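# Below are the sequence and a predicted model for it; my questions follow.
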Amino acid sequence: MMLDRSVLKQLRVPIAAAFVLVGIGVAALIVSDNRLVEARKAQKAAQDQLRSTRDRVSRVAEEEREIRDNLVHFEKMARRGMVGAEKRLEWVESIAAIRQRRRLFEIRYTVDAQRAVDYPGIVQTRKSDGATFMASRLKLDMQLLHEGDLLDFLADLEAAGNSLVSPRSCSITRAEGAGGGGGPLRPRLRANCVIDMITLKTPDSA
């Protein structure tokens, strides 16, 4: 169907207007999509910020709980005399008292120089204003009638409260000359143990 030139001339304005409207519609759609993308980005940024804020609040709450727990443990250690300088004299007196009370056989021991605890998973505070867990390594050579003597000794040493008793290793062997016959009581076993005597060193106790 052929349109007359006069008709086409009359339709030029409406057609042009239609193209303009289509252009405006496309532009509006592009602008709308861009704004939607920006709105989604803004929403994601807000969600990320909210999540970050919640995480910070959670970390602060967790740190407060850790501080409270640490203070409780510190107070317990302080009450038991585990805070401050090395307790060598107290350990010597405790070992002698336990040996006499338990009627144990010979106990030989040495105490190595004190050092900072370096156990896996324990992060020490190295700052001058912080407290540090210190370990004095106690090496024991004990004569035993039976294994219970060693267990009782370790329990009594822990109960003395001068330090946190942390056994690192213990080996028990049959004592030389031990037999199954009668006669007077004599050592049947020998124990060799390595024990860390742990105290908490504070700046004012250095």
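Happy to help now that I have it. Keep in mind it's a predicted model, so treat the numbers as computed, not measured.
# Let me know the distance separating the nearest residue to Val194 once chain neighbours are set aside from Lys201.
Of all residues not flanking Val194 in the chain, Arg168 sits nearest, at 4.4 Å (CB to CB, 6 or more residues apart in numbering). (C-beta placed from N, C-alpha, C; glycine too.) According to CB to CB, to the nearest Å, Arg168 and Lys201 sit 20 Å apart.
# More neighbours: these two, which one.
Lys201 (18 against 13; other CB atoms under 10 Å).
# for that one, which residues make a bridge with it?
Beta-bridge partners recorded for Lys201 (DSSP bridges): Thr132.
# Could you measure from it over to Ala85?
Taken as CB to CB, the span from Lys201 to Ala85 is 7 Å.
# same deal with Glu147?
34 Å.
# Tabulate the CA atom coordinates of the helix or strand encompassing the residue nearest to Val194 in CSV.
Secondary structure from DSSP states H and E places Arg168 in strand 164-174. Presented in CSV, the C-alpha positions along strand 164-174 are these (Å, rounded to 0.1, in the frame of the first residue of the first chain):
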residue,chain,number,x,y,z
LEU,A,164,50.6,-24.3,88.9
VAL,A,165,52.1,-27.8,88.7
SER,A,166,52.4,-28.9,85.0
PRO,A,167,54.0,-32.4,84.6
ARG,A,168,55.9,-32.6,81.3
SER,A,169,57.0,-36.2,81.5
CYS,A,170,57.3,-39.1,83.9
SER,A,171,58.9,-42.5,83.6
ILE,A,172,58.7,-45.3,86.2
THR,A,173,61.2,-48.2,86.2
ARG,A,174,61.8,-51.1,88.6
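# contact partners of that strand?
77, 82, 135, 137, 144, 147, 150, 154, 157-158, 188-199 (CB atoms under 8 Å, 6 or more residues apart in numbering).
# Now the buried members of these.
Among the contacts of strand 164-174, the ones that count as buried by 16 or more other CB atoms under 10 Å are 77, 82, 135, 137, 144, 150, 154, 157-158, 188-191, 193, 195-199.
# Show me these that map onto strands.
135, 137, 144, 189-191, 193, 195-199 (DSSP state E).
# For those, work out which two are farthest apart.
Across those, the longest distance by CB to CB is 30.1 Å; it joins Leu189 and Thr199.
# follow-up on the earlier one: and the direction of the strand holding Arg168 versus that of strand 189-201, what angle?
Interaxial angle, strand 164-174 versus strand 189-201 (axes from the mean of the first three to the mean of the last three CA atoms, to 10 degrees): 170 degrees.
# For strand 164-174, list every residue counted as buried.
By 16+ other CB under 10 Å, the buried positions in strand 164-174 come out as 164-166.
# and which of those is nearest to Tyr119?
Checking these against Tyr119 by CB to CB gives Ser166 as the nearest, at 8.4 Å.
# which stretches of this structure have low pLDDT?
1-23, 25-28, 31, 46, 50, 52-77, 79-80, 121-130, 177-184, 204-206 (pLDDT under 70).
# which residues of it fall in helices?
Per DSSP state H, the chain carries helices over the ranges 5-79, 88-102, 147-159.
# Which strands and helices lie in contact with the second one?
To tie it back to what came earlier, the one meant is helix 88-102. strand 107-111, strand 132-144, helix 147-159 (3 or more CB pairs under 8 Å, 6 or more residues apart in numbering; DSSP states H and E).
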